[in-house]
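J.: next comes the sequence, and after it the predicted model I'd like to discuss.
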Amino acid sequence: MSESSDPSDTRAEPGPTAATADRHADDTPRESGSTAGTSGAASRRRGRYRPWLFALLLAALIGLLVMRPDVRGPAAVTARDALHTLAYDGLGLSPRQLFVWRLRVAGLYDSPLGRRWRAAADTAEPVAIGRQRVRTARFDNDTIAAHVYSASLDAGEQIAWRLSRTGADDDSRTRLYASLERRDGADDDWSTVTALAADGKADAVIVGRDGDYRIVLQPELFGEAAYRLAMATGGSLAMPVQGAAARDIGSGFGAPRDGGSRRHHGVDIFADRGTPVIAVRDGRVRTGNSGLGGKHIWLSGGVLGLTSARYYYAHLDAFDVESGDTVSKGDVIGRVGNTGNARTTPPHLHFGIYTAGGPVDPAPYLRPLPSLPGE
């Protein structure tokens, strides 16, 4: 298929008409007051429990100090893991944050060793993840260091990883702290997105905000640890047009329409007429026909479509589903066409993503899916 010409010369916005926009406003997911109230009540309850949880943690740590030497080691590992689970689930502390708290309890927080350990991640030279990276490395017990792997990601992209302890270290009692962290700007502090388990299983996070992201690995003070970490970045949705790739996107998000009076709220993916259009997620479909979008489909997931983004497929030549049908990810739901205000343009799919905050750029979502090294 030939490369499309400048879309601003010949193509009009294939988005919803005023009637469709009204329907979209009804379809846009919003937070309900009851949900916010429930969240606030849960937060207050957790606040009441925190002093008791800290007391339990402290009692457990004291208990470890007075155990008999012959059982102290194995018991320490079991109790430590339980403490980390309790702190992460009950207090919202990451394992690394809990270790910083342990440094305070031990009186090492402001000591030269404590300061070096806390600063290690920010002074480490970050290694760019790129599309794909794998590294096998180790920490020696006579050094204080952290390993950092970084990427700048757009909302809708995905970062995937697989972390495992290696060699004789795979059952070591030394704890290896690993976390995914984010900051929104160069002057912002890093915040924890999630902890990484060193269980050798693949895991991933779809990022909800543009920003700088990093994976930080660091053993506890004077710890010795070896690991293998595979990482990859990419999109989070498969192409909604069968056989299409990024090169087939001919008109991007935000392009001016109608002399600049409005903006393109999606991307145009060009393909032959009749090419299958597929569902990018499980959900329910609603079909329609309008002057701008022509034959179009709204795909939504969650309960009544209120807990997820909604996906807009416009200018279809035909439907393969009926309004109200439940579909699975990968199902064919329609065919590429040029109905609506696209009848003077080559066949293409206008694909849009609408969240509670309005339309978002689908391009980061549609980048090639991440593939971990070794898969």
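T.: Sure thing, it's come through. Numbers count the residues shown, from 1 in each chain.
J.: give the residue spans of the stretch 201-350 of the chain that score low on pLDDT.
T.: Scanning the stretch 201-350 of the chain for pLDDT under 70 picks out 254-263, 302-307.
J.: and the strands in it?
T.: 211-219, 225-234, 249-251, 256-257, 262-263, 267-270, 276-278, 283-290, 294-300, 310-319, 326-327, 332-336, 348-355 (DSSP state E, counting those that start in this stretch).
J.: save those strands as a markdown table, and put in mean neighbour count and distance to residue 167 too.
T.: No exception for glycine: its C-beta is placed from N, CA and C like everyone else's. Output for the strands of the stretch 201-350 of the chain, formatted as a markdown table (neighbours: other CB atoms under 10 Å; distance: least, CB to CB, whole Å):
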| stretch | mean neighbour count | distance to residue 167 |
| --- | --- | --- |
| strand 211-219 | 23 | 15 |
| strand 225-234 | 22 | 5 |
| strand 249-251 | 21 | 45 |
| strand 256-257 | 16 | 58 |
| strand 262-263 | 14 | 54 |
| strand 267-270 | 24 | 47 |
| strand 276-278 | 21 | 44 |
| strand 283-290 | 18 | 45 |
| strand 294-300 | 23 | 47 |
| strand 310-319 | 23 | 46 |
| strand 326-327 | 15 | 47 |
| strand 332-336 | 22 | 48 |
| strand 348-355 | 25 | 44 |
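J.: can I get those strands in TSV with distance to residue 364?
T.: Converted to TSV, these look like this (distance: least, CB to CB, whole Å):
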stretch	distance to residue 364
strand 211-219	12
strand 225-234	9
strand 249-251	12
strand 256-257	21
strand 262-263	17
strand 267-270	11
strand 276-278	19
strand 283-290	20
strand 294-300	19
strand 310-319	15
strand 326-327	24
strand 332-336	22
strand 348-355	10
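J.: ok, which of those strands comes nearest residue 166?
T.: strand 225-234 (4.7 Å; CB to CB).
J.: and that closest one, what does it pack against?
T.: strand 132-139, strand 147-153, strand 158-165, strand 211-219 (3 or more CB pairs under 8 Å, 6 or more residues apart in numbering; DSSP states H and E).
J.: quick one, it and strand 211-219 angle?
T.: For strand 225-234 against strand 211-219, the angle by axes from the mean of the first three to the mean of the last three CA atoms, to 10 degrees is 160 degrees.
J.: ok, strand 225-234: who's next to it in the sheet?
T.: Next to strand 225-234 in the sheet, as set by DSSP bridges, lie strand 132-139 (antiparallel), strand 158-165 (antiparallel).
J.: so of those strands, which one's packed in deepest?
T.: strand 158-165 (a mean of 21; mean count of other CB atoms under 10 Å).
J.: neighbouring contacts of it?
T.: With contacts defined as CB atoms under 8 Å, 6 or more residues apart in numbering, strand 158-165 is touched by 129, 151, 153, 170-172, 176, 178, 180, 196-207, 213, 215, 217, 225-236, 369-370, 372, 374.
J.: repeat that with 6 Å
T.: With CB atoms under 6 Å, 6 or more residues apart in numbering as the test, strand 158-165 has contacts from 178, 196, 198, 200, 202, 204-206, 227-234, 236, 370, 372.
J.: ends of stretch 116-133, what's the gap?
T.: Terminal residues of stretch 116-133 lie 28 Å apart, using CA to CA, to the nearest Å.
J.: over to residue 371. Which of the three states is it?
T.: Three-state assignment for residue 371 (DSSP: H, G, I helix; E, B strand; the rest coil): coil.
J.: so which residues of this protein form helices?
T.: For the chain, applying DSSP state H gives helices covering 7-10, 18-27, 33-65, 69-86, 95-105, 112-123.
J.: report the mean per-residue pLDDT for the shortest one.
T.: pLDDT averaged over helix 7-10 equals 35, rounded to a whole number.
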